[in-house]
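>>> This is the structure alone, sequence omitted:
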């Protein structure tokens, strides 16, 4: 165990090579800059660049976080999907304030997004659900996310049951499945530097416009 701890302390970070962040060329809308950075992540071989951390708040004020998949981005916000009956779904119903975090280590870039999670309605949620693979849909239809599982055999049996249901009824949709959009109020772009001369650019929403602010690292 001590050797593992020493290995942790010895690990390097931001070794590079890392891309430059020319803030004078940054777009006026953060979603456009995000898409540019996302493409850079793809071009540099970042594995699963659409994975992101969603942070929510429990009713007692305790933060919670987990990794999800980004579904889409446009000038209105960032999209993801989940069951409204899951822990995160219940947390967002009580307190829609959320944060998204992307970190692409190969290029030393991080994007932080803060805003409100807004359900997109039944039609768009159903469309997202039907675009999922059959196993993912079957698991969602089980409807027991985060509940205690006393025997793995019960999961396998429940999955088999829902798989059979979907084969007979391929258009069935989980009533709790929800597509959410994060309406951002703050978006921050962080470019790491091996000499620790990091660059941080923050966008703050001001009505229908965005104000850009360069931050100390």
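Arrived safely. Given the structure is predicted, the values throughout are model-derived calculations rather than measurements.
>>> For the rest of this, base every contact and every neighbour count on C-alpha atoms.
Noted.
>>> how about the strands of the protein, start to end?
Using DSSP state E, the strands of the chain run over 51-57, 63-69, 72-74, 77-83, 97-104, 109-119, 177-191, 199-206, 209-215.
>>> which stretches of the protein aren't confidently modelled?
Within the chain, no stretch has pLDDT under 70.
>>> repeat that with 90
1-2, 11-13, 15-17, 143-155, 195-196, 217 (pLDDT under 90).
>>> In it, where's the longest helix?
helix 152-168 (DSSP state H).
>>> in terms of contact count, name the helices or strands touching that helix.
helix 134-142 (3 or more CA pairs under 8 Å, 6 or more residues apart in numbering; DSSP states H and E).
>>> Start and end of stretch 92-109, how far apart?
27 Å (CA to CA, to the nearest Å).
>>> Any idea what the closest residue to residue 124 other than its chain neighbours is bridged to?
Nearest residue to residue 124, sequence neighbours excluded (CA to CA, 6 or more residues apart in numbering): residue 179, at 6.7 Å. Taking DSSP bridges as the rule, residue 179 bridges to residue 81.
>>> ditto for residue 103
residue 110.
>>> picking up where we left off before, now mean neighbour count and distance to residue 161 too, for the strands of the chain, in CSV please.
What follows is those, written out as CSV (neighbours: other CA atoms under 10 Å; distance: least, CA to CA, whole Å):
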stretch, mean neighbour count, distance to residue 161
strand 51-57, 20, 29
strand 63-69, 14, 26
strand 72-74, 13, 31
strand 77-83, 20, 19
strand 97-104, 21, 34
strand 109-119, 20, 29
strand 177-191, 22, 19
strand 199-206, 18, 47
strand 209-215, 14, 49
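>>> wait, which of those is closest to residue 43?
Among the strands of the chain, strand 97-104 comes nearest to residue 43, with 11.9 Å by CA to CA.
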